[in-house]
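In: Make a model of this:
(2 chains)
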Amino acid sequence: MHKLLTEHSGQKMLLLGNEAIARGAIEAGTAVATTYPGTPSSEISVTLFQISRETDLYFEYSTNEKVALEVAAAAANSGVRSLCVMKHVGLNVAADALLTLAYIGVKGGLVIISADDPYMFSSQNEQDNRYYAKISGLPMVEPSSVEEAKDMVLYAFDISEILQQPVLFRTTTRINHSTASVSFGKIPKSKMQGEFTKDPFNYVTVPAVSRNLHAKLLKTLEKAEKISEKSEFNFLTGNGPLGIICNGVSYSYVADAVKDLNAEDQIKILRIGFSHPMPQAMIKHFLRGCEKVLVVEEGEPYMEEAIKAFAQEDGAVISIKGKGQNLFSRLYEFNPALVRQSIATYFDLPQGSKKTINLSDLPEIPQRPPSLCAGCPHRATFYAVKKASEGMETICPTDIGCYTLGFLPPLSMGDFLICMGSSAGSSCGFSKITNKKVISFIGDSTFFHSGIPGLINAVFNNHNFTMVILDNGTTAMTGNQPHPGVDMQKRNLEGYNRVSIEEIVKAAGVSHITVIRPYRVKKSVTAIKEALNYEGVSVIISRELCTLYGKSLKKQKGKPFYVTEKCKNHRDCISKLACPAFFIKDNQVIIDPVLCSGCTVCAQICPEHAILPLKDS
Amino acid sequence: MDTTRLIIVAVGGQGNLLASKVIGDAALFADIPIRMSEIHGMAQRGGVVESAIVFGNAKSTIIADGEADVLLGFEPLETLRALNKCNSDTIVISNLAQLSPFTVTLGSGVYPNLKSIQALIRAKTAKLIAFDATALAMEAGNVMSTNMVLLGALVQSGKTPLSSDNIKKAIVNRTKKKFVEFNIKAFELGFNTAKALA
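Out: So this is what the prediction gives:
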């Protein structure tokens, strides 16, 4: 049985924030969960995927976040509790559905998890998704800890059903990827089968219907504010004439800082967990009891601006600050020391002396950036494309996945990236407006997510570029989640169909399609050359299973290779492939047999044919 | 209870996430409040993996620069890189087996001299306990047990509220059956080596 299905109410377990959220969903009686994987949200869905195989929970990896939200919206409007999980930028993809779903509302609870990523540990931007609550008019809750995250999921479902509105549940990476001890509650017997009652004048959003629904949304928002005013998740701690208002993970830094500064009798803290709509009356009351107020929130001054507006309405003339010089930045994430320092500076409190150390005399420390794995098929593809395009002036739009790492030298394959699927659309623009050869890279999962419309656009508008689809049979970057092109039988999973990338490309009207096996270097180079010379849209599908995924499927790995004495130190293996299985010792090139996956690419490009497979020992 | 802040740094694939889980379980057995935070995602792509572990009643799960009480490094260069987390009272425990970053192989960086790394850490912090944990793991029967060797040294240092018994119980609980024996042996080798160095 999955560890998160334990029935023992009151039992404590160390859980990752994302596992706590998944357990919260189970304790809330979730019937349907949908997602497109994205760090830092991925473990929520991995966990629910596993659980769905042992329970009645319906879980799916949808092709993208918009589809995921639409699936969940239908389920929730059929009366069952539904959860939709995505990373912050995923909500941009789902935003079209979100903003009008807010008009329609829900019958069964619908909770939408937006996992924000301040500092961009694994994202292309650090947008603050609290503004989605504002723009959509939906309630938003934000936990401050792993324990609270679980409890808040149950609360969010309750609020969703009281208001008959989806609830946005916003986390940040430090909640998703922190671990703490969580107490389990009961798992209810819940409704898994839905029923849809037709009501087109509330469900079909033609203008005449939507005019009514928007008015309804604003009324619901008033109700939501009343709930926010009384919410147990908006609470006050401590006493004193100084005030701090904070949210999310910042609350833990604030609480520790106030203790460390011995300021518990000087500072009171208002923690906002129900952050849209803001509890206006509660905040005004809090401001009246403060001489000076500091707003501590990562990201944008979302609360700060609202609080200043409340103060203005209330005629308060106290100093309220948050973002600004010597205080907090809109950039990156906070940490306990930064928050403590800012609190001490703003309220003029003494800070204890620190035993800092001088690091100015440290030698330069070589970087250790993440890289494509040893034997990664993407490396082989990049090498072959580079070889095939020698002498051409190229622009290479890339996309989101492990292969984005190909932009690093020495492969240097990747010139432009905005978002999921952008390689396809941007290739259309580059090929039209420049005279360079455009070669784009997109992974299999990303192709299904949002690459297809760009490709169809290219065919229709008669663009001229080569799209390389890196088909490694999985969604590798986020932990090998399935996608429509994956062979689910290989994973011993029943009940799925498989969508062929070739067939889709063909149906889109692409007339030059080539499938290559990137580990066969010469053949691949020849085939790519031909595709590059084609006038119009050509597609190369480079097909080879992800090395790590292959290992996890317990596929036989190839024999490791070694460098024989024939090596003359050309080092093409290092300077052109940059496979991390290679290292240099005493000026000799060596292959780490533990890392080597036996892909044979280095052996094929070695000018001295000095790389051979190890014999069985 | 007093707060103790522990940073673990490693290269992706060295098993520091498993080490953190073992520590977490051991703390739970002893009813020691514990919070941890990790950076995932790139862990399997050979980058740096960092875990922050906070024992005691603090609410924060991350550790700011200069605020670690103990730094446990699975690789000497990474120990050096994480020195910004230390202060002059920090105890540092480090593996001495080097994993050269690929930037060095490519010639775009130089791996600093191992002796000078140790001298620098020793001069700036309260104490450095350093040895070849990878060799000890091999001696225990499995190179993958390097993380357990280092846990042994960590417990021996007495700087965390963790006991040997609870860590061993957690090893049995958390690690694959066929590796338990190697892991326990590795833990003991680390413990005894750190003791001999102290």
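
In: Only C-alpha atoms from now on, for both contacts and neighbour counts.
Out: OK.

In: right, and the helix or strand after whatever helix or strand A:M282 lives in?
Out: In this structure, A:M282 sits in helix A:280-288 according to DSSP states H and E. On the C-terminal side of helix A:280-288, the nearest following helix or strand under DSSP H and E is strand A:292-296.

In: which residues are contacting that following strand?
Out: A:241-247, A:250-251, A:254, A:287, A:303-304, A:318-322, A:328, A:339, A:343, A:346-347 (CA atoms under 8 Å, 6 or more residues apart in numbering or on different chains).

In: Report the closest residue of the stretch 451-600 of chain A relative to chain B.
Out: Nearest residue of the stretch 451-600 of chain A to chain B, counting by CA to the nearest CA: A:F583, 5.6 Å away.

In: returning to what we had before: mind giving me the ChimeraX select for the contacts of strand A:292-296, buried ones only?
Out: This is the ChimeraX syntax for the buried subset of those, where burial follows 16 or more other CA atoms under 10 Å in any protein chain shown:
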select /A:242,243,244,245,246,247,250,251,254,287,303,304,320,321,322,328,339,343
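
In: Strands - which of the contacts of strand A:292-296 land there?
Out: With DSSP state E as the criterion, strands contain A:L242, A:G243, A:I244, A:I245, A:C246, A:N247, A:S319, A:I320, A:K321 from among the contacts of strand A:292-296.

In: do you know how far the first one is from A:R288?
Out: Looking back up the chat, that one is A:L242. As judged by CA to CA, to the nearest Å, A:L242 and A:R288 stand 11 Å apart.

In: now swap in the fifth one and tell me
Out: Relative to A:R288, A:C246 is positioned 17 Å away (CA to CA).

In: And for the third one?
Out: For A:I244, the distance to A:R288 under the criterion CA to CA works out to 13 Å.

In: Give me the neighbour count for A:S427.
Out: 29 (other CA atoms under 10 Å in any protein chain shown).

In: correct me, but it touches A:I442?
Out: No: the criterion here is CA atoms under 8 Å, and A:S427 misses it with A:I442 at 11.2 Å.

In: residues in the stretch 51-200 of chain A within reach of chain B, list them.
Out: Contact residues (CA under 8 Å from any CA of the partner chain) of the stretch 51-200 of chain A with chain B: A:F121, A:S122, A:R174, A:H177, A:S178, A:T179, A:A180, A:S181.

In: which SSE is A:S190 in?
Out: Counting by DSSP H and E, A:S190 is found in no helix or strand.

In: for it, what are its contacts?
Out: The contact partners of A:S190, by CA under 8 Å, 6+ apart, come to A:G29, A:T30, A:A31.

In: Check which residues of stretch A:224-239 are buried.
Out: Quick answer for stretch A:224-239 (16+ other CA under 10 Å): A:A224, A:E225, A:K226, A:I227, A:S228, A:E229, A:F233, A:N234, A:L236, A:N239.

In: now do stretch A:430-449
Out: Result for stretch A:430-449 [16+ other CA under 10 Å]: buried residues A:430-432, A:437-449.

In: got it, and stretch A:304-323?
Out: Buried residues in stretch A:304-323, defined by neighbour count with 16+ other CA under 10 Å: A:E304, A:I307, A:K308, A:F310, A:A311, A:A316, A:I320, A:K321, A:G322, A:K323.

In: quick one: which of the buried residues of stretch A:430-449 sit in helices?
Out: Cross-referencing those against helices under DSSP state H gives A:F430, A:S431, A:K432, A:D444, A:S445, A:T446.

In: Next one: A:Q481 relative to A:F448, how far apart?
Out: For A:Q481, the distance to A:F448 - CA to CA - is 13 Å.

In: on that earlier part again, okay if I get the ones in helices among the buried residues of stretch A:430-449 as a markdown table plus pLDDT?
Out: Listed next are those as a markdown table, based on pLDDT from 0 to 100:
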| residue | pLDDT |
| --- | --- |
| A:F430 | 98 |
| A:S431 | 97 |
| A:K432 | 96 |
| A:D444 | 97 |
| A:S445 | 97 |
| A:T446 | 97 |
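
In: Looking at the residues you listed, spot the one nearest A:K216.
Out: Nearest to A:K216 among those is A:T446, at 37.2 Å by CA to CA.

In: Could you pull out the strands in chain B for me?
Out: B:4-11, B:34-38, B:48-55, B:70-73, B:91-95, B:127-131.

In: Give the next helix or strand downstream of the host helix or strand of A:A73.
Out: According to DSSP H and E, A:A73 maps onto helix A:65-76. Proceeding N to C from helix A:65-76, the next assigned helix or strand is strand A:82-87, under DSSP H and E.

In: Could you list every helix and strand that the longest helix seen in chain A packs against?
Out: When chain A is parsed with DSSP H, its longest helix is helix A:207-230. Where contact means 3 or more CA pairs under 8 Å, 6 or more residues apart in numbering or on different chains; DSSP states H and E, helix A:207-230 is packed against helix A:88-104, helix A:146-163, helix A:200-203, strand A:274-276, helix A:280-288.

In: any idea which helix or strand comes after it?
Out: Using DSSP H and E, the helix or strand that follows helix A:207-230 towards the C-terminus is strand A:234-238.

In: can you list the residues that contact that following strand?
Out: Taking CA under 8 Å, 6+ apart as the rule, strand A:234-238 contacts A:S228, A:E264, A:D265, A:I267, A:K268, A:I269, A:L270, A:R271, A:I272, A:G273, A:F274, A:P279.

In: Tell me which strands that strand pairs with, and in which orientation.
Out: strand A:267-272 (antiparallel) (DSSP bridges).

In: so the strand it pairs with versus strand A:242-247, what angle?
Out: Using axes from the mean of the first three to the mean of the last three CA atoms, to 10 degrees, the direction of strand A:267-272 lies 20 degrees away from that of strand A:242-247.

In: got a list of contacts for strand A:267-272?
Out: If you take CA under 8 Å, 6+ apart as the criterion, strand A:267-272 is touched by A:142, A:233-248, A:251, A:258, A:278, A:286.

In: Number of residues surrounding A:S122?
Out: A:S122: 19 neighbours (other CA under 10 Å).

In: With adjacent residues omitted, what lies nearest to it?
Out: Nearest residue to A:S122 in three dimensions, chain neighbours excluded: A:T39, at 6.5 Å (CA to CA, 6 or more residues apart in numbering or on different chains).
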